[in-house]
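> any chance you can model this:
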Amino acid sequence: MRTPLHALIMLAGFLAACGSDSSAPGTPADVSGSWKIGWTISNSSIQMSCRGSGTLVLNQGTSPMAGYLSAGASCTTPHGSTSGVENGSVSGGSVNGQFVSFAYAGGCQYSGVATGSPASKMKGTLDCTATLSGKSYRFTGTWTATR
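Next comes the predicted model:
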């Protein structure tokens, strides 16, 4: 006997399988061009958090995907805060269906998902390594980019 709950579960499974994006699996999302990007990262062991925003330009026509990032960033610790400008190259990028990844020359690896058709938003996780006073620290966080 099927219950209303069973029907809802089947409907949810059907919708999840079909998805809401018109890109077929394996067809790369078009992420080339200029994006407004923002991110936050932190390292709890040294009580430091950073955030930034700016412009990300990606060239999907190269293999691997490459580009440029220009942004302002600020970091806070228990001892105070600092801010500056981040400018550098993006390299080693790839797009597999809706999944996007690229590396920033400043020591960060971005991984995420592009949504929309054409792609109008990307979001995901961020993993960075920074050297402070001669010691390497890992920072993790999230990022979002919109057109």
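> in contact with the closest residue to Ser120 other than its chain neighbours, which residues?
For Ser120, ignoring the flanking residues on the chain, the nearest one in space by C-beta to C-beta, 6 or more residues apart in numbering is Arg147 at 5.1 Å. (Each C-beta comes from the backbone N, C-alpha and C, glycine too.) For Arg147, the contacting residues are Gly33, Ser34, Trp35, Lys36, Ala119, Ser120, Lys121, by C-beta atoms under 8 Å, 6 or more residues apart in numbering.
> in CSV: the residues you listed, plus neighbour count, pLDDT and secondary structure.
Below are the contacts of Arg147 laid out as CSV (neighbours: other C-beta atoms under 10 Å; pLDDT from 0 to 100; DSSP: H, G, I helix; E, B strand; the rest coil):
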residue, neighbour count, pLDDT, secondary structure
Gly33, 14, 97, strand
Ser34, 13, 98, strand
Trp35, 21, 98, strand
Lys36, 13, 98, strand
Ala119, 23, 96, coil
Ser120, 13, 97, coil
Lys121, 14, 98, strand
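> and of those, the nearest to Gly61?
The shortest approach to Gly61 among the contacts of Arg147 belongs to Gly33, at 10.9 Å (C-beta to C-beta).
> scan this structure for its longest strand.
What stands out as the longest strand in the chain, according to DSSP state E, is strand 80-96.
> quick one: contacts for the residue nearest the centre of the chain?
Centroid check for the chain by C-alpha atoms, centre = their mean gives Gly124 as the closest residue, at 3.9 Å. For Gly124, the contact set (C-beta under 8 Å, 6+ apart) comprises Val100, Tyr110, Ser111, Gly112, Val113, Thr142, Trp143.
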